[in-house]
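A.B. asks: Whatever this is, show me its structure:
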Amino acid sequence: MGFRHRDFPDHVCLLRKALYGLKQAPRAWYQWWFTDFVTIQGFRQSKSDNSLFIYHHGADIAYLLIYVDDIILTISSEALRTRLLHTLSGEFAMKDLGPLSYFLGIQVTRTSDHMVLSQHAYVNDIIHRASMDSCESVATPVDTQSKLYAASGPLYDDPTTYRSLAGALRYLTFTRPDISFAVQQICMHMHAPTIDHWNALKRIIRYLQGTTAFGLHLGPVPDLRLVSYTDADWAGCPDTRRSTSGYCVYLGENLISWSSKRQPTISRSSAEAEYRGVANVVADICWLRNLLLELHHPLATATLVYCDNVSAVYLSGNPVQHQRTKHIELDIHFVREQVRRGSIRVLHVPSRHQIADIFTKGLPRVLFDDFRTSLNIGPPDVSTAGV
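C.D. replies: Purely as a prediction, here's the structure:
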């Protein structure tokens, strides 16, 4: 039982101050104090992301991103930075930690005009938690031959450790898209992991052992444009025969969004599976275009979506309905509307240059290394090629 007033045993307490440690404290602080205060100061809350606040007055631009009590402030001038920090520190107990170097476990390393986002210390912690500090490394995070079945072999005797490490690897995909597919595969079996699933998880950690310093490279964008790649592995799940779709989105040469996910329904053909993948990336692109519009950097050109399935490319612009496409009519209408508006163009790309393959299936070493380089993943002192 919590606190109970002896004279008013049936009353509840009205929260007047967000007490640190209570479950509702972050929400109360964010909604009742922080949001209202920064709005009064001239910030506007983004509709695309409620944790983003935008300040735009004349030539002064500031972006404020908040997660609970951690804040990133990006500003256009030193005078504006000084004024905003003075205003915020006068209302809240906060400390200026200087240029961004560490945020939510992600380390930011600056090299000339580039940044590298990495989780080097976090990777070492995962390896240590798995008791694999002295393990040998492997070249790829997933085997190209085998598929993980739900009931492949005996159950693993320590499912708690499996789930803990799988969850940790999920968080690592924030800066390591090269392991997204492998992590997605092991996370599908967290309810009842087997020995084979545990071996697949250990293979990911062995891959990380040889790439602990790798991170995501970001650089200046002289040409503001979005380019995306999407792919699907038709009926790739051996248990449900659902397809795995994956995509990646570039802003200029910078990778800014990616996904590897099993589709919620069974596709009757490879064209349907590929087209559902196109619909997924188009939905993400719509959100990104709206976000860039709110950031006062609207896109003037259409976003290119590259798909290696000719039928899916044809469906995106074909206005004729027929028997084989009636069951995916909603996805077709959604993509076609964006194509007609001129915000999306769906184009064909040869499979050899389909970067999104790395999010849908295991690849041989040479092809994996090539696509990993295209994702701008590498050590801090290596400049990557981009798309």
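A.B. asks: In the longest helix that the chain contains, which of the residues would be classed as buried?
C.D. replies: Ranked by number of residues, the top helix in the chain under DSSP state H is helix 270-294. Residues of helix 270-294 classed as buried: 270-282, 284-286, 288-289, 292, 294 (neighbour count, 16 or more other C-beta atoms under 10 Å). In short, each C-beta sits where N, CA and C put it, glycine included.
A.B. asks: which other helices and strands contact whichever helix or strand comes after that helix?
C.D. replies: Later in the chain than helix 270-294, the nearest helix or strand by DSSP states H and E is strand 303-307. Helices and strands touching strand 303-307, by 3 or more C-beta pairs under 8 Å, 6 or more residues apart in numbering; DSSP states H and E, are strand 226-233, helix 270-294, strand 344-348.
A.B. asks: Please find the angle between the direction vectors of the first one and strand 344-348.
C.D. replies: Spelled out, it's strand 226-233. Going by axes from the mean of the first three to the mean of the last three C-alpha atoms, to 10 degrees, strand 226-233 is angled at 50 degrees with respect to strand 344-348.
A.B. asks: Make 17 the starting number, not 1.
C.D. replies: Okay, residue one is now 17; in that scheme the one you just asked about reads as strand 242-249.
A.B. asks: partners of strand 242-249, with directions?
C.D. replies: strand 260-267 (antiparallel), strand 319-323 (parallel) (DSSP bridges).
A.B. asks: now the helices and strands packed on strand 319-323 as JSON lines including distance to Phe69 and mean pLDDT?
C.D. replies: Shown next, in JSON lines, are the helices and strands packed on strand 319-323 (distance: least, C-beta to C-beta, whole Å; pLDDT from 0 to 100):
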{"stretch": "strand 242-249", "distance to Phe69": "23", "mean pLDDT": "95"}
{"stretch": "helix 286-310", "distance to Phe69": "11", "mean pLDDT": "94"}
{"stretch": "strand 360-364", "distance to Phe69": "29", "mean pLDDT": "95"}
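A.B. asks: what's Glu269 sitting at in phi/psi?
C.D. replies: Phi and psi for Glu269, reported as degrees, to the nearest 10, are phi -110, psi 10.
A.B. asks: Tell me how many other residues surround it.
C.D. replies: The number of residues packed near Glu269 is 19, by other C-beta atoms under 10 Å.
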